[in-house]
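J.: sequence and predicted model, in that order:
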Amino acid sequence: MSQYHPLSLDEAVALAQSIPGHFREDAELSVREIGDGNLNLVFHVTDEADGKGLIIKQALPYAKVVGESWPLSLDRARIEREALQIQHAYAPDLVPAVYSYDDELAITVMEDLSDHTIMRKGLIEGQEYPLFAKHIGRFMASTLFYTSDLGMNQQEKKLRVAQFINPDLCKITEDLIFEDPYRDSPNNNFSEDIRQDAEALWHDDELRLEIALLREKFLTHAEALLHGDLHTGSIFATPDSTKVIDPEFAYYGPMGFDIGAVIANLLLNYAAQPGWSLSLEELQARRGRLLQMVESVWRHFESNFRELWNRDVVDVTARTAGYQDMYVQKILRDTIGFAGAKMIRRIVGLSHVADIDTIEDAALQRQAKQAALQIGTALVRRGRFASSIEEIAAIAKQAAKEEQVTL
Ligand code: ADP
Ligand code: MG
């Protein structure tokens, strides 16, 4: 019989108190449930006296999304926890420490990051993150390299692939990112003022072919252990610290999917900026920084990845002249294509981003959606033929140039 039940607040406190060496024995602990309640519970337990805290994350056995409900395996809590532990091993300063877990209760007890801000919120407020690209580039290079056939024994890697079979969560990605936006699906969710733009996606055969090819990569290319949902809402940041959370979509997939997710979310914020910047100067400064960040994320990824390859590659075949360059080019192309697909789904698909949907002015919000779609579709079309990360900035600047609504 399964012991599973959603924790009560009192149980959360008792569990927190039982973690050895964390809280003082006579500590008066307080607890709040701070998750958004859709997929998981998140308990924040603190000692009021010294501010020390910890986080208990518990998976719920279903997902409630906009009036719909579907069952989701509790095994995803194990997958998230094991991914956190592996990522922490390769990038200890960039991932919260796991203190304890209980697979039957689908619980992970982890480091409290409440002194950080969710990066999406920070970016909307115009916060600068000068070290972000460096941090996330290193995070992705080391977690992707060392979990791939390049950085680990190929037979052990196959066992890892099995360990991270994640059908329920992969299905969400397969449907919401690679399928629904390109047909008249009841899962789609877009405002009437962009209906024409949304419907154009359903009939664009050239675009749909590129999406089919990206979907095939997502389905079949078990290159590395991905985070699987690396958007700016899964990143806690301060100007000098970056922490990656929430890898419940982790599975073995194509490396460019993670890098593309980061870049897509920077570009969604770029598209949204006319709704947030208060002056033309501010708009240009923020957008300039975002495009720099996009390029820098890729450059830090690439240089770290090549360095790890040159130093630690375990596969002699991978030392063949020319192979590394071809591999990196493949990742770049995948990154650009996946970035585009991830932007499009946030405009017309089920799940959106606050950067765009909380813009108050209706005309500016519509313009942001159209800019995001323009950039997203251009990236999807360009991906397979791209040769440089700089092509992204050119595409983004073109969309900005065509904007009509002024601040
Ligand atoms: P979900 O999978 O339900 O999206 P997340 O892991 O993204 O759950 O967590 C939901 C929210 O809970 C986060 O946006 C953040 O506010 C809070 N949270 C999650 N993990 C931590 C943590 N380690 N420290 C502090 N707050 C956290
Ligand atoms: Mg989340």
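T.: Arrived safely, thanks for sending. Ligands and ions are numbered 1, 2, ... in the order given.
J.: any idea how far the one residue in the stretch 151-300 of the chain that gets nearest to ligand 1 is from residue 72?
T.: Residue nearest to ligand 1 within the stretch 151-300 of the chain: residue 246 (3.5 Å; C-beta to the nearest ligand atom). Bear in mind the C-beta positions are built from the backbone N, C-alpha and C, glycine included. Plainly put, residue 246 is 14 Å away from residue 72 if you go by C-beta to C-beta, to the nearest Å.
J.: between these two, which one's more packed in?
T.: Neighbours were counted for residue 246 and for residue 72 using other C-beta atoms under 10 Å; residue 246 has more, 23 against 19.
J.: go ahead and confirm the more buried one touches residue 229.
T.: Yes. Using C-beta atoms under 8 Å, residue 246 is in contact with residue 229, at 6.5 Å.
J.: residue 99 contacts residue 112, correct?
T.: No. In this structure residue 99 lies outside contact range of residue 112 using C-beta under 8 Å: 9.9 Å.
J.: mutual contacts of those two, please.
T.: Common neighbours of residue 99 and residue 112 (criterion: C-beta atoms under 8 Å, 6 or more residues apart in numbering): residue 54.
J.: just give the nearest non-adjacent residue to residue 157, would you?
T.: residue 149 (5.6 Å; C-beta to C-beta, 6 or more residues apart in numbering).
J.: now for that neighbour, how many residues are close by?
T.: Residue 149: 18 neighbours (other C-beta under 10 Å).
J.: against residue 40, how distant is it?
T.: 32 Å.
J.: now do residue 304
T.: Taken as C-beta to C-beta, the span from residue 304 to residue 40 is 31 Å.
J.: what is the helix or strand harbouring residue 257 packed up against?
T.: Residue 257 belongs to helix 256-272 when assigned by DSSP states H and E. With contacts defined as 3 or more C-beta pairs under 8 Å, 6 or more residues apart in numbering; DSSP states H and E, helix 256-272 has these neighbours: helix 119-124, helix 132-146, helix 205-220, helix 280-312, helix 323-348, helix 354-357, helix 362-383, helix 390-401.
J.: can you state the direction angle for that helix and helix 390-401?
T.: Put simply, helix 256-272 runs at 20 degrees to helix 390-401, going by axes from the mean of the first three to the mean of the last three C-alpha atoms, to 10 degrees.
J.: helix 256-272 relative to helix 132-146, how many degrees between them?
T.: 160 degrees.
J.: so how far is helix 256-272 off the chain centroid?
T.: Remark: helix 256-272 is offset 9 Å from the chain centroid, using C-alpha atoms, centre = their mean, to the nearest Å.
J.: and for stretch 305-325?
T.: Relative to the mean C-alpha coordinate of its chain, stretch 305-325 is positioned 27 Å out (C-alpha atoms, centre = their mean).
J.: as a whole number, average confidence for that stretch?
T.: Stretch 305-325 comes out with an average pLDDT of 98.
J.: buried residues in that stretch?
T.: 305, 306, 308, 309, 313, 315, 324 (16 or more other C-beta atoms under 10 Å).
J.: same check on stretch 158-174?
T.: Neighbour-count burial for stretch 158-174 [16+ other C-beta under 10 Å]: 160, 163, 164, 166, 168, 169, 170, 172, 173.
J.: ends of it, how far apart?
T.: One end of stretch 158-174 to the other measures 22 Å (C-alpha to C-alpha, to the nearest Å).
J.: repeat for stretch 269-287
T.: Where stretch 269-287 begins and where it ends lie 9 Å apart, using C-alpha to C-alpha.
J.: so which of the helices and strands packed on helix 256-272 is nearest ligand 1?
T.: Nearest to ligand 1, of the helices and strands packed on helix 256-272 and by C-beta to the nearest ligand atom, is helix 119-124 at 9.1 Å.
J.: please parse the protein into its domains.
T.: Following automatic domain parsing, the chain resolves into domains at 28-111, 117-401.
J.: coming back round to it: any chance of the helices and strands packed on helix 256-272 in CSV, plus distance to residue 238?
T.: What follows is the helices and strands packed on helix 256-272, written out as CSV (distance: least, C-beta to C-beta, whole Å):
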stretch, distance to residue 238
helix 119-124, 8
helix 132-146, 10
helix 205-220, 32
helix 280-312, 16
helix 323-348, 25
helix 354-357, 19
helix 362-383, 26
helix 390-401, 26
